[in-house]
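Asker: here are the coordinates; sequence isn't available:
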């Protein structure tokens, strides 16, 4: 379905795909010009709410399987840039928007503890640019546009991670590491785009897909694909390319960690999915072998190794970061099964893990507001003095393990089903083993929270801090009971991708 | 500070010429090579030259830090609002036909000038801001301590 814009009449409904991306982009420079701390927060929050509203409208529009397209500047693709919203990216747009809105509520009460007041305006501006980039990557159907938005989000992410330096100078080296690795990833990605452009002469995804079909076994295309897989592997922290992630998540301000853990790696994974299914031919032998021989073993290694490492970490932010690596392993595994169920589980897990990990990082952030550090020993007995924060943490933890009734269960179940259906028994056993490791490291924290004597007693955090983390915790439960938002949309998305 | 007299005199003369050339590249960008990015870099080079020769304090009297920061944001706004203008008048984002619906060709012309103006403003002030943040860092060691 093409966008039907009657020139000369204003109908905002037709402009939803672009409004989704430009709303935060417009607000970001306004914040810098106004330079007022409270107003910055308010405008960012309103912008995030507007994005959320737009993404809900988009999900409603595409939930019947239709596809919305939008031609930037009125230039018809393949010459112009096209935005293309289907079920697969609508669900991610929703995830990114809602997480940004919830995280911004949290930042109102927590940011002053981590970043000096005079930097708040620029922080929010940077945050909105990061949001713009992530939304843009997901919305666009032009591969060079993907690169541009990816860089917008990455560059602002480096700045956001470096803001942790006011509490811990190691944030600077973490951010620099991330910058180097992220830039190498982006370079590989753009080289891959270059190869594709060389072979097909087009940058529009649909157009390339048509031309790639006629060019089976073309070495240029294969090299381009390999470059894109490695580039995105760096951005999504696929296991041997993951070294930037634990430190970046550990030393970034909590608000940033929450936002990134829930969205950034998922967006990179989405780009990979989009390239495999909408740009390249997923039935191609080369693509299938690459995923079976390379990505599936790496995903399994991530699941097991990262979970084991997480068990031994004393810094809880680092523990959760390693657990994120393991969860990325699940998503990658779902994708590398190369069937509809696997891909659906991957998409569902993106959303479910987004809420779960955001809830965990946010409640950890609330503990840190009081304890001032993230070490496990300083959480002793906080289950009594900070009951609500602890409870939210436990719900997030249960969802991370995959206990029935929580969001994590749904996606892990789908993944298990997909693995068993494909006949990978060993993989299925390893999925369960990895979940058991998750039980160990989550239990380790719960034990410290509830079953050890407190050395110091703290007051519960304010209601404004509790509210966002409880919204996330309730989402973890809601998505475990009502799957119409996640599973149904993901099934719709896989049908479109596998057409 | 009598030494470097020649440099200072030449700099004062050159700054105006460089800015003028930058403006030429900016507004002639749609007919000849050039455009907002190149023009922005050229204009910023004028300020950076002034800063290198006359000292950081002097150039910051002409171009305060806060102004560079805000102006960089204004450039982005000019670009984005050009796009929003198209939406408000019922065209696609950044469809320059909206600027002059009777003469679409004129619309395209004006549109590209506006957008390039936004790019030029942002690039100029971002370059200046980058120069400020590098030049403004106090060295850990004085030259004499080496």
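Answerer: Arrived safely, thanks for sending. Computed from a prediction, not measured in an experiment: that's the story for all the values here. Numbering: from 1, shown residues only, chains lettered A, B, ... in the order given.
Asker: ok, the residue in the stretch 151-300 of chain A that chain B sits nearest to - how many residues close by?
Answerer: Closest to chain B within the stretch 151-300 of chain A is residue A:152: 11.3 Å, counting by Cβ to the nearest Cβ. From N, CA and C alone the C-beta is placed, and that goes for glycine too. Counted by other Cβ atoms under 10 Å in any protein chain shown, the residues lying close to residue A:152 total 19.
Asker: which residues does it contact?
Answerer: Going by Cβ atoms under 8 Å, 6 or more residues apart in numbering or on different chains, residue A:152 touches A:129, A:130, A:132, A:133, A:136.
Asker: What about these, which are in helices?
Answerer: A:129, A:130, A:132, A:133, A:136 (DSSP state H).
Asker: Reformat those as JSON lines; add neighbour count and pLDDT.
Answerer: Shown next, in JSON lines, are the ones in helices among the contacts of residue A:152 (neighbours: other Cβ atoms under 10 Å in any protein chain shown; pLDDT from 0 to 100):
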{"residue": "A:129", "neighbour count": "23", "pLDDT": "96"}
{"residue": "A:130", "neighbour count": "28", "pLDDT": "97"}
{"residue": "A:132", "neighbour count": "25", "pLDDT": "96"}
{"residue": "A:133", "neighbour count": "25", "pLDDT": "97"}
{"residue": "A:136", "neighbour count": "24", "pLDDT": "96"}
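Asker: and the lengthiest helix in chain B, what does it pack onto?
Answerer: In chain B, with assignment by DSSP H, the single longest helix is helix B:104-135. For helix B:104-135, the elements it packs on are helix B:5-27, helix B:36-54, helix B:56-62, helix B:65-88, judged by 3 or more Cβ pairs under 8 Å, 6 or more residues apart in numbering or on different chains; DSSP states H and E.
Asker: Residue A:323 is in contact with residue A:309, correct?
Answerer: No. Residue A:309 is beyond contact range of residue A:323, at 9.3 Å (criterion: Cβ atoms under 8 Å).
Asker: more neighbours, these two?
Answerer: Using other Cβ under 10 Å as the criterion, residue A:309 and residue A:323 rank with residue A:323 on top: 28 against 19.
Asker: which SS state does that one fall under?
Answerer: Applying DSSP: H, G, I helix; E, B strand; the rest coil to residue A:323 yields a three-state assignment of helix.
Asker: who's in contact with it?
Answerer: Counted by Cβ under 8 Å, 6+ apart, residue A:323 has contacts A:306, A:307, A:310, A:357, A:400, A:438, A:441.
Asker: Counting neighbours, which of the residues you listed end up buried?
Answerer: Buried members of the contacts of residue A:323, scored by 16 or more other Cβ atoms under 10 Å in any protein chain shown, are A:306, A:307, A:310, A:357, A:400, A:438, A:441.
Asker: Just give the closest residue to the second one, not the sequence neighbours.
Answerer: Which is residue A:307. Residue nearest to residue A:307 in three dimensions, not counting chain neighbours: residue A:437, with 3.6 Å by Cβ to Cβ, 6 or more residues apart in numbering or on different chains.
Asker: Before we go further, the one you found is sitting in a helix, right?
Answerer: Yes. According to three-state DSSP, the state of residue A:437 is that of a helix.
Asker: Kindly report the residues of chain B close to chain A.
Answerer: B:69-70, B:72-74, B:76-77, B:80-81, B:83-84, B:86-97, B:101 (Cβ under 8 Å from any Cβ of the partner chain).
Asker: switch to 6 Å and redo it
Answerer: Residues of chain B found near chain A (Cβ under 6 Å from any Cβ of the partner chain) are B:70, B:73, B:76, B:77, B:80, B:87, B:90, B:91, B:92, B:93, B:94, B:95.
Asker: Please tell me the pLDDT value assigned to the second one.
Answerer: At residue B:73, the predicted lDDT confidence score is 95.
Asker: same deal with the fourth one?
Answerer: As predicted, residue B:77 sits at a pLDDT of 95.
Asker: My guess is it contacts residue A:29. True?
Answerer: Yes. Counting by Cβ atoms under 6 Å, residue B:77 does reach residue A:29; the two are 4.7 Å apart.
Asker: Compare the two (neighbour count), which wins?
Answerer: A count of neighbours by other Cβ under 10 Å puts residue A:29 above the other of residue B:77 and residue A:29, at 24 against 20.
Asker: now the more buried one: how far from residue A:47?
Answerer: The gap separating residue A:29 from residue A:47 is 12 Å, by Cβ to Cβ, to the nearest Å.
Asker: mind checking how far the residue nearest to residue A:307 is from residue A:379?
Answerer: Counting by Cβ to Cβ, the gap from residue A:437 to residue A:379 is 20 Å.
Asker: Pick out whichever of those two has more residues nearby.
Answerer: A direct count of neighbours by other Cβ under 10 Å for residue A:437 and residue A:379 places residue A:379 higher, at 26 against 21.
Asker: For the more buried one, give me the pLDDT.
Answerer: Here the pLDDT value assigned to residue A:379 is 89.
Asker: residue contacts, it?
Answerer: Residues near residue A:379 by Cβ atoms under 6 Å, 6 or more residues apart in numbering or on different chains: A:367, A:448, A:449.
Asker: Neighbours of the first one, how many?
Answerer: Neighbour count for residue A:367, taken as other Cβ under 10 Å: 23.
Asker: swap in the one 10 residues further on?
Answerer: A count of nearby residues for residue A:377, using other Cβ under 10 Å, gives 11.
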